[in-house]
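Asker: below are the sequence and a predicted model for it; my questions follow.
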Amino acid sequence: MSRVALCVQNLPVPADRRVWREARALRDAGHEVFVIAPRGVDQPPQEVLDGITVRRWEPARERGGVAGQVSEALTGLARTARELRALEREHGLEVVHVANPPDAYAVLARALHREWKVVYDQHDLCPELVDAQRGANSLTARVLRPVLRAVERWTYRSADLVILPNNSYRNIALRRGHVPPAAAVVVRSGPDRVDPAPTPPGPDHGALEVVFAGMMNVQDRVDVLLRAIAEVATHRPGCIELTLVGTGDDIPRLRALADDLGIADLVRWTGWLDADELRAELHRAGIGVSLDDDTPFSRLSTMTKIAEYLAVGLPCLVADLPENRVTAGDAARYFTPADAHDLAAAFLSLLDDPVAIDAMRAAALARAPALVWERSARRLVAAYEWLLDHGPAVAGEQHIDVAEVGAAA
């Protein structure tokens, strides 16, 4: 088997659950796996976790604005290059597996060593992401968009294998990146297992516990959720509470908004949680929420929190976007994206309908087995076999087939 280096800049490891699941899947398939990632708070520069060597670089000091983001990206690229050279000297590498954002890591790997196989693990569409973050008509987006498109093209061309999170992204890789179909393989993110709450919250448990678990940056639109909670609390005082799980650049503004809306005492902020802590929070919740504007980025992207909600049997309210419907199917209730009033109306309707909540819980648990990571892990390993050992090509698209899973069970 091969020696593989997984490189990520956006999150520390194992906080980046997708990268960590990929690392474990490749380890289980017999590969020797190294992970190169930014160093999080209180993390050592190097350690071995579950048989995987994690090497961490010190991220640049956080700065605001585009200049700060560029500085952080360049720092990450330089320090990742240093770690890759060290791994090549000490162990020798066959595969460098790079996750975005930012793009350009595949270009870096190709430039460092022509003999490495390069796997590009596309988590985000960076041109669409900057539009969502800054506004498509903003000066920043107009300046950066062509640059990001060019870097994306170079990245696609530098990769021997492109791993995509959904079929929409794969279509982009084929059309915009001209990636050969056999080299563009969907590996959906998913929860480790189906794990319903031992005692689901019922109507006699007091206020409805709402949870949002995910990144809280401007494009994630958690402000919509706060405004909806405020509207519900005005109509039905004492009937709803909110837990926000995660981190993000928008949290200071969101805390101020909660104060302004008069709901600060209804909101609990947990920060980032590990997998077991997150599962415990989801178990105690009554409703999970997935937000987002209706933008090209959100219409094409998979929100992994939805699968996490379904895996614990958590009824959820989800912004009505195409990829959200692919993930949740009939196991969610949908609201108009970025419409706080519509979301509040959905909350109020469920407060008076425990039968509907029970039906949503049952639908979630019926759909969840088709979303678990094990199914995606097999595709990842098979794609590596195609890349390294000339195994059979993997079907590029990955569909959520609930009927197939039910029949197998």
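Answerer: Alright, I've got the coordinates.
Asker: nearest residue to the middle of this structure?
Answerer: Nearest to the mean C-alpha position of the chain, counting by CA atoms, centre = their mean, stands residue 304 at 4.9 Å.
Asker: distance check, the nearest residue to it once chain neighbours are set aside against residue 162.
Answerer: Take residue 304 and drop its neighbours on the chain: the residue closest to it by CB to CB, 6 or more residues apart in numbering is residue 189, 4.5 Å away. In short, each C-beta sits where N, CA and C put it, glycine included. Residue 189 is 16 Å from residue 162, where distance means CB to CB, to the nearest Å.
Asker: ok, these two, which is more surrounded?
Answerer: residue 162 (26 against 21; other CB atoms under 10 Å).
Asker: mind listing the residues bridging to the more buried one?
Answerer: Beta-bridge pairing for residue 162 (DSSP bridges): residue 120, residue 184.
Asker: what about the strands in the stretch 151-300 of the chain?
Answerer: Taking DSSP state E, counting those that start in this stretch as the criterion, the stretch 151-300 of the chain carries its strands at 161-164, 184-186, 208-213, 240-245, 267-271, 287-290.
Asker: so how far is the fourth one off the chain centroid?
Answerer: Relative to the centre of its chain, strand 240-245 is centred 20 Å away, using CA atoms, centre = their mean, to the nearest Å.
Asker: packing partners for it?
Answerer: strand 208-213, helix 222-235, strand 267-271, helix 275-284 (3 or more CB pairs under 8 Å, 6 or more residues apart in numbering; DSSP states H and E).
Asker: I'd like these as JSON lines, with mean neighbour count, mean pLDDT and distance to residue 181 appended.
Answerer: Listed next are the helices and strands packed on strand 240-245 as JSON lines, based on neighbours: other CB atoms under 10 Å; pLDDT from 0 to 100; distance: least, CB to CB, whole Å:
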{"stretch": "strand 208-213", "mean neighbour count": "22", "mean pLDDT": "95", "distance to residue 181": "35"}
{"stretch": "helix 222-235", "mean neighbour count": "21", "mean pLDDT": "96", "distance to residue 181": "38"}
{"stretch": "strand 267-271", "mean neighbour count": "15", "mean pLDDT": "96", "distance to residue 181": "42"}
{"stretch": "helix 275-284", "mean neighbour count": "16", "mean pLDDT": "92", "distance to residue 181": "34"}
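Asker: circling back to that earlier point, among the strands of the stretch 151-300 of the chain, which is nearest residue 374?
Answerer: strand 184-186 (15.4 Å; CB to CB).
Asker: from the chain's centroid, how far away is the closest one?
Answerer: The mean C-alpha position of strand 184-186 is separated from the chain mean by 17 Å, CA atoms, centre = their mean.
Asker: ok, now which ones touch the residue nearest to residue 304?
Answerer: Going by CB atoms under 8 Å, 6 or more residues apart in numbering, residue 189 touches 17, 18, 21, 165, 302, 304, 307, 373, 376.
Asker: any chance of these in TSV, plus distance to residue 43 and secondary structure?
Answerer: Formatted as TSV, the contacts of residue 189 follow (distance: CB to CB, whole Å; DSSP: H, G, I helix; E, B strand; the rest coil):
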residue	distance to residue 43	secondary structure
17	16	helix
18	18	helix
21	19	helix
165	26	coil
302	28	coil
304	22	helix
307	27	helix
373	23	helix
376	26	helix
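Asker: determine which two of those residues are furthest apart.
Answerer: 21 and 302 (14.5 Å).
Asker: flag the shaky bits of the stretch 251-400 of the chain, pLDDT-wise.
Answerer: Scanning the stretch 251-400 of the chain for pLDDT under 70 picks out no residues.
Asker: which parts of it are helices?
Answerer: 251-261, 275-284, 296-300, 304-311, 322-328, 340-351, 354-367, 373-389 (DSSP state H, counting those that start in this stretch).
Asker: picking up where we left off before, next one: the residue nearest to residue 304 from residue 303, what distance?
Answerer: Residue 189 is 10 Å from residue 303, by CB to CB.
Asker: picking that back up, dump the helices and strands packed on strand 240-245 to TSV, plus distance to residue 391.
Answerer: As requested, the helices and strands packed on strand 240-245 are exported to TSV (distance: least, CB to CB, whole Å):
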stretch	distance to residue 391
strand 208-213	36
helix 222-235	43
strand 267-271	42
helix 275-284	31
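Asker: right, so of these, which gets closest to residue 353?
Answerer: strand 208-213 (11.5 Å).
Asker: what packs against that closest one?
Answerer: helix 222-235, strand 240-245, helix 275-284, strand 287-290, helix 304-311, helix 340-351.
Asker: who does it pair up with?
Answerer: strand 240-245 (parallel), strand 287-290 (parallel).
Asker: which residues are contacting the longest one?
Answerer: Under the criterion CB under 8 Å, 6+ apart, residues 207-214, 216, 222, 225-226, 229, 232-233, 254, 263, 266-273, 278, 281, 285, 347, 351 lie in contact with strand 240-245.
Asker: recalculate using a threshold of 6 Å.
Answerer: Residues from elsewhere that reach strand 240-245 (CB atoms under 6 Å, 6 or more residues apart in numbering): 207-213, 229, 232, 266-270, 273, 281.
Asker: can you check the last one too?
Answerer: Under the criterion CB under 6 Å, 6+ apart, residues 210-212, 225, 303, 305-306, 309, 314-318 lie in contact with strand 287-290.
Asker: ok, of these, which one's closest to residue 185?
Answerer: Using CB to CB, those come closest to residue 185 at residue 303, 20.8 Å.
Asker: what about the residue nearest to the closest one when sequence neighbours are not counted, how many neighbours?
Answerer: In space, and not counting its chain neighbours, residue 303 is closest to residue 290: 4.9 Å by CB to CB, 6+ apart. Residue 290: 26 surrounding residues under other CB under 10 Å.
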